[in-house]
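J.: mind looking at a prediction? Sequence and model below.
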Amino acid sequence: MNKLSSAFLLFFPAFIVYGQVDTSLSQFWMMTYFINREDNVGARLAFSSDVSGIKWQKYDNDNAVIVPITVTGANDSRMRDPMTAYDSINRRFNMVWTVSWTGKIIGWDTSALLKKGTWGPQVGLAVSSNIANASYSWAPEIFWDDIQSKWMIYWSVSVSGTNSKIYYSMVTGSDFKTFSPAQVLFDPKYDVIDADIIKVGPANYQMAFKNESGTGKCISLASGATTPQGPYTTNSAVVVASQTEGPSIVKQGSEYHIFADHYSNNGIAVAKSATIAPGTSPWPESWTTFGTGGSRLVVSHCNVIAVPKALVKWMLYNDSAWVKFVKNKTTVKDFKQAPSMIPNSNQMNIKSTLFDLSGRMVGNTGRNGALLKSAAIRMPAGVYFKSNGNGTAAKKVIPQ
């Protein structure tokens, strides 16, 4: 692209390239995904401002933002099932992924800016090292445990001689390189993979997962957990139709959405429900689309998280606000969603929407800015920045 066309896009970005992402809105989502036939190429990104979850805009013409290498301990250099979560303490994104069809290793890397060239070095995490007869380690995810104030890694494991199940470890250091021995997180006594946890409310965690039993192979929900580690005691009926996998569950607007890979129909669909309570029939679905023509979004496993407006503007429109925020500059241009602390609490408010540290939206504040009790989360010790509404940011320190 030459300088003239670059300048032109700066003046008319919403109408030419990124017409689907309306930056006048306050809520944005990012999708991390891979393409099944190109699992050695790397992870891609897409962005959306569509509360229905349907319309998406691919980032950088579907080019990968990170290209896999063969990490230590792995026997392959694939990058399948990428999952991204934001760490607001260290101002960086963490990504985990499946590195191989077999083995006890998953991949991890981190970047503050997400773009290609800002990652590294990639690390192999031997999360299944203490699991006897573990034959694979698939579809890893990370989740901020707001009770223990720690990151949690969980992934699918096939154990020879028994059914596949979900295991977890707690991150014990300042990065993801040290973690507790793996423990069983979810084992309904039939084959399950591809788990994704959402916090619905205080002491209410639920899990979407792929039910591998029988011939249907569909997405179900497990509930009853008062902590991220379970126990998940109640399994629902089918919530996403058969021949689906890789669920990513998030609340967008007033609905719960499960993004699922229809691997036999070549595309990502979003299933919707006004309530997350287990139902007796699948949630209604719509195909996700990209581009102004509404073409089907043909990608493989994806994960969806809420992200700040400044990140979207910087990634898509060359706005400088996100870089300034990451580098702890005191002047933050148009950063209306800068994290701010609720007075006399350990809670983070981003404008009118509350996020946990993994970047997932967990609730909203009231009209006067007061935090709704059902959306409360605990924040660990650290340094945070509060927007003063005049383009500056004041530092807030939470003591140990």
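T.: That came through, no problem. Residues are numbered from 1 along each chain as shown.

J.: use CA for all of it now, contacts and neighbours both
T.: Noted.

J.: give the helix, strand or coil label for the residue nearest the centre of the chain.
T.: Centroid check for the chain by CA atoms, centre = their mean gives residue 305 as the closest residue, at 4.1 Å. Here residue 305 is recorded as strand under DSSP: H, G, I helix; E, B strand; the rest coil.

J.: give the contact list for residue 198.
T.: Counting by CA atoms under 8 Å, 6 or more residues apart in numbering, residue 198 touches 205-207, 249-250.

J.: bridging residues for it?
T.: Here residue 198 sits in beta bridges with residue 206, as judged by DSSP bridges.

J.: also residue 44?
T.: Applying DSSP bridges to residue 44 yields these beta-bridge partners: residue 33.

J.: count of neighbours near it?
T.: Residue 44 sits with 24 neighbouring residues when counted by other CA atoms under 10 Å.

J.: I'd say it and residue 61 touch.
T.: No - with contacts counted by CA atoms under 8 Å, residue 44 stays clear of residue 61, the gap being 9.4 Å.

J.: what's the PyMOL line that selects buried ones from the contacts of residue 198?
T.: Here is the PyMOL command that picks out the buried ones among the contacts of residue 198, judged by 16 or more other CA atoms under 10 Å:
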select buried, resi 205+206+207+249+250
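
J.: next up, the contacts around residue 72.
T.: By CA under 8 Å, 6+ apart, the contact list for residue 72 reads 123-124.

J.: and it, how close does it get to residue 44?
T.: Counting by CA to CA, to the nearest Å, the separation of residue 72 from residue 44 is 23 Å.

J.: circling back: just checking, the residue nearest to the centre of the chain touches residue 53?
T.: No - here residue 305 lies out of contact with residue 53, judged by CA under 8 Å, at a distance of 11.3 Å.

J.: low-confidence regions, this protein specifically.
T.: Applying pLDDT under 70 to the chain flags residues 1-19, 215, 278-280, 328-400.

J.: domain parsing for it?
T.: Here the domain parsing of the chain from automatic domain parsing is 21-309, 321-398.

J.: so what sits opposite the residue nearest to residue 82 when sequence neighbours are not counted in the bridge?
T.: Once flanking residues are discounted, residue 82 sits nearest to residue 97: 4.4 Å by CA to CA, 6 or more residues apart in numbering. Bridge pairing for residue 97 (DSSP bridges) gives the partners residue 107.

J.: surely residue 97 meets residue 107?
T.: Yes - with contact defined as CA under 8 Å, residue 97 and residue 107 form a contacting pair (5.2 Å).

J.: returning to what we had before: CSV please, covering the domains of the chain and showing distance to residue 315.
T.: Formatted as CSV, the domains of the chain follow (distance: least, CA to CA, whole Å):
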stretch, distance to residue 315
domain 21-309, 8
domain 321-398, 9
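
J.: which of those domains is buried the deepest?
T.: Mean neighbour count (mean count of other CA atoms under 10 Å) peaks for domain 21-309 among those, with a mean of 20.

J.: what about that domain, how long is it end to end?
T.: 10 Å.

J.: max-length strand in this structure?
T.: Under DSSP state E, the strand in the chain containing the largest number of residues is strand 134-145.

J.: neighbouring contacts of it?
T.: Contact partners of strand 134-145, identified using CA under 8 Å, 6+ apart, comprise 80-85, 96-98, 100-106, 128, 150-160, 193-197, 228, 246, 356-358.

J.: show me what that strand pairs with in its sheet, parallel or antiparallel.
T.: Sheet pairing of strand 134-145 (DSSP bridges) gives strand 150-159 (antiparallel).

J.: next secondary structure after the strand it pairs with?
T.: Later in the chain than strand 150-159, the nearest helix or strand by DSSP states H and E is strand 165-170.

J.: in its sheet, what does that next one sit against?
T.: strand 150-159 (antiparallel), strand 183-186 (antiparallel).

J.: may I have that strand exported as PDB, CA atoms only?
T.: Presented in PDB, the C-alpha positions along strand 165-170 are these (Å, rounded to 0.1, in the frame of the first residue of the first chain):
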ATOM      1  CA  LYS A 165     -11.500 -35.400  30.200                       C
ATOM      2  CA  ILE A 166     -10.600 -31.800  31.100                       C
ATOM      3  CA  TYR A 167      -7.600 -31.100  33.400                       C
ATOM      4  CA  TYR A 168      -6.400 -27.800  35.000                       C
ATOM      5  CA  SER A 169      -3.400 -26.200  36.600                       C
ATOM      6  CA  MET A 170      -3.000 -22.900  38.500                       C
END
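
J.: now do that strand: distance to the chain's middle.
T.: 17 Å (CA atoms, centre = their mean, to the nearest Å).

J.: and the contacts of that strand?
T.: With contact meaning CA under 8 Å, 6+ apart, strand 165-170 is reached by 127, 150-158, 179-188, 190-193, 195, 229.

J.: measure stretch 104-118 end to end?
T.: Length of stretch 104-118, first residue to last, CA to CA: 27 Å.

J.: switch to numbering from 611
T.: All right, first residue 611 from here; so that's stretch 714-728.

J.: contacts for it?
T.: Contact partners of stretch 714-728, identified using CA under 8 Å, 6+ apart, comprise 674-676, 681, 683-684, 701-710, 729-739, 744-748, 750, 786, 933, 936.

J.: which of those fall within strands?
T.: 702-708, 733-735, 744-748, 750.

J.: from these, which is closest to residue 647?
T.: Of all these, residue 647 sits closest to residue 708, with 14.6 Å by CA to CA.

J.: isn't the closest one right up against residue 692?
T.: Yes - under the criterion of CA under 8 Å, residue 708 makes contact with residue 692 at 7.1 Å.

J.: roughly how far apart are residue 726 and residue 900?
T.: 22 Å.

J.: can you confirm residue 666 is in a strand?
T.: Yes - looking at residue 666 with three-state DSSP, it is inside a strand.

J.: if we can go back for a sec, so what sits against both of residue 654 and residue 671?
T.: When contacts are counted by CA under 8 Å, 6+ apart, residue 654 and residue 671 have no shared neighbour.

J.: and the closest residue to residue 870 other than its chain neighbours, what does it touch?
T.: Distances taken as CA to CA, 6+ apart put residue 857 closest to residue 870, at 4.6 Å, once the chain neighbours are dropped. With contact taken as CA under 8 Å, 6+ apart, residue 857 is in contact with 804-806, 818-820, 829, 868-871, 911-913.
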